[in-house]
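Colleague: quick one, fold the following:
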Amino acid sequence: MSDNKTEKLFTKALTAARKGKGRNVVFGSKIPSARSPNIAEYERNSETTIRRGHHLIGAGPARFGYAAVTAAGDKTWMGRTLSDVEAKIASKEEKRKTVFGSRIPTQAEYEANERRSAHIAEERVNKAPLDERKENAKDLSVALRDPRLMQERIEWLIIGNYGKGPQLMAEEVLKSPRTNKYAGLTMLIGVHEWHVPRVMTAAIWKKLSPSEKKALDAAVDRAIASAQSE
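Modeller: The predicted model follows:
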C-alpha cells in the first residue's frame with residue numbers, strides 16, 4: 001500500500017475514533033488469507049478496526065507498512081505524530097471553505113447564488129440540441145392546452161418546488177408592474193418543467209386560439225391565488 005493511501009486510511013480512522021461513538025469502524029470487507037498468493041489483494045483489502053479506548057491496529061504485517069498506534073497517545077506513525085496528522089486534517093478543512101468560509105451566508109448572498117444556478121440551468125436549456133428542444137416543445141404545446149395541468153405546475157413554480165432560484169424569478173414577475181405575469185410565468189414554467197427556451201414557448205403561445213389563451217390566463221390566475229393562500 002502506498003504511503004498516500006495509507007495516510008488517507010489513517011486520517012479517516014483517526015477522525016472516526018475521535019467521534020467517540022463506541023463502535024467499530026471497519027475498512028475493507030475482508031482480510032484475505034496471509035497465505036494468499038495475491039499479496040496485492042492482501043495489502044489492498046487489509047482490515048483496520050478502531051475500538052474506543054483501544055489501539056488502532058493495522059491487520060497487515062509490519063513489512064507491508066502498517067503500524068499500531070493509540071487513538072489518544074503520542075506514538076509516531078510513518079514519521080508523523082498524531083498532532084501532525086491532526087494539523088493536516090485541520091488544514092484540509094480550511095481548504096473546503098471555498099465559497100462563504102465558515103460563516104453562514106447572508107440571505108442576499110444565498111438568493112444571488114440561487115439565481116445564478118437558475119440562470120445556468122436556463123442556459124443549458126437554450127443550448128440543448130435542436131432536436132431535443134423541438135421534442136420538448138411538442139410536449140409543451142399539448143400542456144398549454146391543459147389548464148388544470150398548467151395551474152398545478154405554475155403553482156409549484158411559485159411555491160418553490162423547482163428550487164429557490166426559479167421561485168425568486170417568479171416572484172420578480174409577479175412584483176414587476178411592467179411585466180406581463182401570464183407570459184412571464186408561462187415562459188418560466190416552460191423552461192424549468194418542459195425544458196423549452198422562452199422564445200419557443202412564446203412561439204407556441206401565439207398559435208393558441210383565443211379561447212385557449214383565455215383558459216390559460218385563468219389557470220395562471222388560479223395558480224397565483226392558490227400559491228399565495230398557502
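Colleague: and Ala87, how many residues sit next to it?
Modeller: Look at Ala87: counted by other Cβ atoms under 10 Å, it has 12 neighbours. The way it works is simple: take the backbone N, C-alpha and C, and place the C-beta from them, glycine included.
Colleague: wait, Ala112
Modeller: 14.
Colleague: Arg153 too?
Modeller: 22.
Colleague: element containing it, please.
Modeller: helix 147-159 (DSSP states H and E).
Colleague: does that helix pack against any helices or strands, and if so which?
Modeller: Here helix 147-159 touches helix 130-143, helix 164-175, helix 181-192, helix 210-228, going by 3 or more Cβ pairs under 8 Å, 6 or more residues apart in numbering; DSSP states H and E.
Colleague: CA-only coordinates of that helix in CSV, if you can.
Modeller: What follows is helix 147-159, C-alpha atoms only, in CSV (Å, rounded to 0.1, in the frame of the first residue of the first chain):
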residue,chain,number,x,y,z
PRO,A,147,-55.5,24.4,-18.0
ARG,A,148,-55.5,22.1,-14.9
LEU,A,149,-52.0,20.9,-15.6
MET,A,150,-50.7,24.4,-16.2
GLN,A,151,-52.3,25.6,-13.0
GLU,A,152,-50.7,22.9,-11.0
ARG,A,153,-47.2,23.4,-12.4
ILE,A,154,-47.2,27.2,-12.2
GLU,A,155,-48.4,26.9,-8.6
TRP,A,156,-45.4,24.5,-8.0
LEU,A,157,-43.1,27.2,-9.5
ILE,A,158,-44.4,29.9,-7.3
ILE,A,159,-44.1,27.9,-4.0
